[in-house]
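A.B. asks: no sequence for this one, just the structure:
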């Protein structure tokens, strides 16, 4: 289940089965580096959070980083004090009980630690945190609005099995240059 802040009558609803989201998940799953230019309100951040949750729950000992502009923004994607506040913890909280019992989670600010040894950690922009770890997956949200995205990406390349960058457009940035590069 996800939450739709635009819908005051039924804000909690199933994730929509859109074909373009299925194509994105396939591309992310099959690639080691994916950069996704997006417009607002197309659920791209949501689908990446769902992918990260799936990896954390079903593959033991995954180290997953979700990076955004500030720590507060990253926490809003992972965990922020109560399950209903952040996207990943909201989805986890609304899973069937049998699934949560299969892989219980402990949460603290911007982190979810799973019983299978996996961790999802929401981090602020920059390469300083990433540089000292090894990651199964790094998702960087709103890359074009992170002044330190190039530094973070450079730090992540040697240590991350998979990197996903997504952002709405912002010309003249490292992310913008990557997604508009003509091969």
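C.D. replies: Received, thanks. No experiment lies behind these values; they were computed from the predicted model shown.
A.B. asks: ok so residue 52 is a strand residue?
C.D. replies: No. If the criterion is DSSP: H, G, I helix; E, B strand; the rest coil, then residue 52 is helix and not within a strand.
A.B. asks: List the residues that contact it.
C.D. replies: Residues near residue 52 by C-beta atoms under 8 Å, 6 or more residues apart in numbering: 64, 66, 88, 120, 137, 139. All C-beta atoms are positioned from the backbone trio N, CA, C, and that covers glycine.
A.B. asks: what ranges do the strands span in the chain?
C.D. replies: Per DSSP state E, the chain carries strands over the ranges 2-3, 12-13, 33-38, 63-68, 105-108, 111-114, 119-124, 135-141, 160-168.
A.B. asks: so which of those is the most packed in?
C.D. replies: strand 63-68 (a mean of 26; mean count of other C-beta atoms under 10 Å).
A.B. asks: And for residue 15, the neighbour number?
C.D. replies: For residue 15, the count of nearby residues is 13 (other C-beta atoms under 10 Å).
A.B. asks: picking up where we left off before, worst mean pLDDT among the strands of the chain?
C.D. replies: Note on the strands of the chain: lowest mean pLDDT is at strand 2-3, with a mean of 85.
A.B. asks: now it: how far from the chain's centre is it?
C.D. replies: 15 Å (C-alpha atoms, centre = their mean, to the nearest Å).
A.B. asks: what are the pairing partners of it, and which direction each?
C.D. replies: Its sheet considered, strand 2-3 pairs with strand 12-13 (antiparallel) by DSSP bridges.
A.B. asks: Contacts made by the partner strand with the rest, please.
C.D. replies: 1, 2, 3, 4, 7, 94.
A.B. asks: Go again with 7 Å.
C.D. replies: 1, 2, 3, 4 (C-beta atoms under 7 Å, 6 or more residues apart in numbering).
A.B. asks: Repeat that for stretch 132-141.
C.D. replies: Applying C-beta under 7 Å, 6+ apart, the contact partners of stretch 132-141 are 45, 48, 52, 55, 62-68, 77, 130, 149, 152, 156, 159-166.
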